[in-house]
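Chemist: here are the coordinates; sequence isn't available:
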């Protein structure tokens with residue numbers, strides 16, 4: 001039986017609601033002021049609060065705000081007269097679940113109460129599921145306590161025991177290789193080999209022989225037969241990274257392996273059969289590649305049996321502090337440094353950055369900070385972020401600062417980028433920026449990077465004012 005708290009300073013109205021709501025199947029406690037209502041809540045838990053907005057002393061809106069502070073999640077329904085609808089809307093913005101206009105039939109109030117109780121139950125159930133999810137899916141080599149990553153790990157746990165092909169998508173640096181390894185280690189093939197091949201790291205002319213092997217004499221320099229990655233991964237898992245860059249000719253052979261589990265070595269005639277689970281990964285949009293004709297549609301559907309999309313780091317920033325501490329501990333131990341942790345300002349700096357390079361970029365930033373730091377903790381000054389200027393805004397669009405950047409950082413990044421493109425030639429860099437050479441030197445001096453430049457420049461231009 002749900003318990004309701006009724007707060008109303010009109011004794012007659014209060015007694016009427018007590019009687020009718022009790023008859024409707026609710027347990028009811030009441031109070032004639034907001035102060036008394038708060039006292040009741042602190043003494044006795046209830047499932048929902050029904051309060052008038054016009055109360056002596058603390059009004060109903062202030063009561064609502066106090067309830068949300070002290071009893072988060074407790075649903076509140078407000079009662080108000082026709083002339084104060086604006087106040088009811090304000091109460092809804094402050095967190096009230098719903099409101100009723102006086103005078104109202106009991107049936108209307110009962111329906112509103114039942115709806116809010118049901119919504120509160122769903123919210124509690126959802127919270128419980130989220131907490132259970134965070135506790136359940138724990139992988140030793142993967143840090144991801146955020147809801148987004150826990151959803152990914154839950155999918156990994158469901159997909160791992162099967163032999164279905166998995167296609168892992170996501171930007172570069174999000175940790176696709178770690179997910180592939182987790183799929184293997186939690187599968188029935190965990191005792192078998194885990195073989196990885198990155199198609200972009202191997203020249204196109206050699207990729208076929210790396211995947212399928214070759215026979216002696218298959219080409220110049222093939223002095224002996226060599227097994228390919230598919231053979232080496234027999235009874236285990238083959239992780240094919242950057243599959244979106246595989247040439248069309250090899251895609252045909254790959255499709256056959258997935259369909260028939262058989263192939264021939266390069267230069268051979270004997271058909272080999274293997275039992276391999278394929279996990280593929282890509283940072284490309286394979287749907288777009290299908291439309292461009294650079295990726296086979298039949299192969300795409302063979303690969304995309306179980307799709308797992310990894311979010312970029314900017315989409316689960318609440319994992320950044322734990323990731324940073326993990327990398328700090330690893331690099332500090334490797335370098336023999338006694339660095340206890342990150343200062344709050346350093347964590348704040350990490351949280352504000354957009355991380356275009358994702359987790360890999362965060363790892364590199366922490367390694368650089370550990371290498372260069374000589375203090376007991378990493379400070380904000382130790383966190384050196386590589387800020388690359390965004391592309392020029394499209395016509396009609398206004399350029400904006402990326403998240404986590406200051407105007408000073410943005411200007412310095414533009415100056416460094418111009419110097420890089422000009423190979424350090426300050427005169428050429430000044431021309432790229434539309435500045436005089438002296439103006440560029442002045443700006444560099446404010447960054448502590450002044451010095452004699454190379455090349456010819458506009459020496460006659462006066463130094464900038466200010």
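Modeler: The structure has been received and is ready for your questions. A quick note: this is a predicted structure, and the numbers were derived from the prediction, not measured. Numbers count the residues shown, from 1 in each chain.
Chemist: my guess is residue 238 contacts residue 280, does it?
Modeler: No. With contact defined as C-beta atoms under 8 Å, residue 238 and residue 280 do not form a contacting pair (9.0 Å). Every residue, glycine included, has its C-beta placed from N, CA and C.
Chemist: what ranges does the stretch 51-200 of the chain have for its strands?
Modeler: Applying DSSP state E, counting those that start in this stretch to the stretch 51-200 of the chain gives strands spanning 76-81, 98-102, 166-169, 194-198.
Chemist: how about those, which one is nearest residue 303?
Modeler: Of all the strands of the stretch 51-200 of the chain, strand 166-169 sits nearest to residue 303, with 4.7 Å by C-beta to C-beta.
Chemist: run me through the strand neighbours of the closest one, direction for each.
Modeler: Strand pairing for strand 166-169, using DSSP bridges, gives strand 277-282 (parallel), strand 306-309 (parallel).
Chemist: any chance of TSV for the strands of the stretch 51-200 of the chain, columns mean neighbour count and distance to residue 243?
Modeler: Below are the strands of the stretch 51-200 of the chain laid out as TSV (neighbours: other C-beta atoms under 10 Å; distance: least, C-beta to C-beta, whole Å):
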stretch	mean neighbour count	distance to residue 243
strand 76-81	22	53
strand 98-102	17	51
strand 166-169	23	8
strand 194-198	18	10
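Chemist: contacts only, for residue 51.
Modeler: 5-8, 34, 37, 60, 63-64, 76-79 (C-beta atoms under 8 Å, 6 or more residues apart in numbering).
Chemist: which one of those is nearest residue 150?
Modeler: residue 76 (30.5 Å).
Chemist: hmm, residue 64 and the closest one touching each other?
Modeler: Yes. Counting by C-beta under 8 Å, residue 64 is a contact partner of residue 76 at 5.4 Å.
Chemist: so what sits against both of those two?
Modeler: Common neighbours of residue 76 and residue 64 (C-beta under 8 Å, 6+ apart) are 51, 95-96.
Chemist: I'd like the next helix or strand past whichever strand or helix holds residue 205.
Modeler: Taking DSSP states H and E as the criterion, residue 205 maps to helix 204-212. Later in the chain than helix 204-212, the nearest helix or strand by DSSP H and E is helix 229-232.
Chemist: what comes up buried for that following helix?
Modeler: Of the residues in helix 229-232, 229-231 count as buried by neighbour count, 16 or more other C-beta atoms under 10 Å.
Chemist: ok, stretch 34-45 next?
Modeler: Result for stretch 34-45 [16+ other C-beta under 10 Å]: buried residues 34-38, 40-41.
Chemist: how about stretch 334-347?
Modeler: 339, 341-343, 346-347.
Chemist: what of stretch 244-256?
Modeler: Buried, per 16+ other C-beta under 10 Å, within stretch 244-256: 244-246, 250-251, 253-255.
Chemist: next, the contact list for residue 224, please.
Modeler: With C-beta under 8 Å, 6+ apart, residue 224 has these contacts: residue 216.
Chemist: could you rerun that using 10 Å?
Modeler: By C-beta atoms under 10 Å, 6 or more residues apart in numbering, the residues touching residue 224 are 214-217.
Chemist: this completes my enquiry, with thanks.
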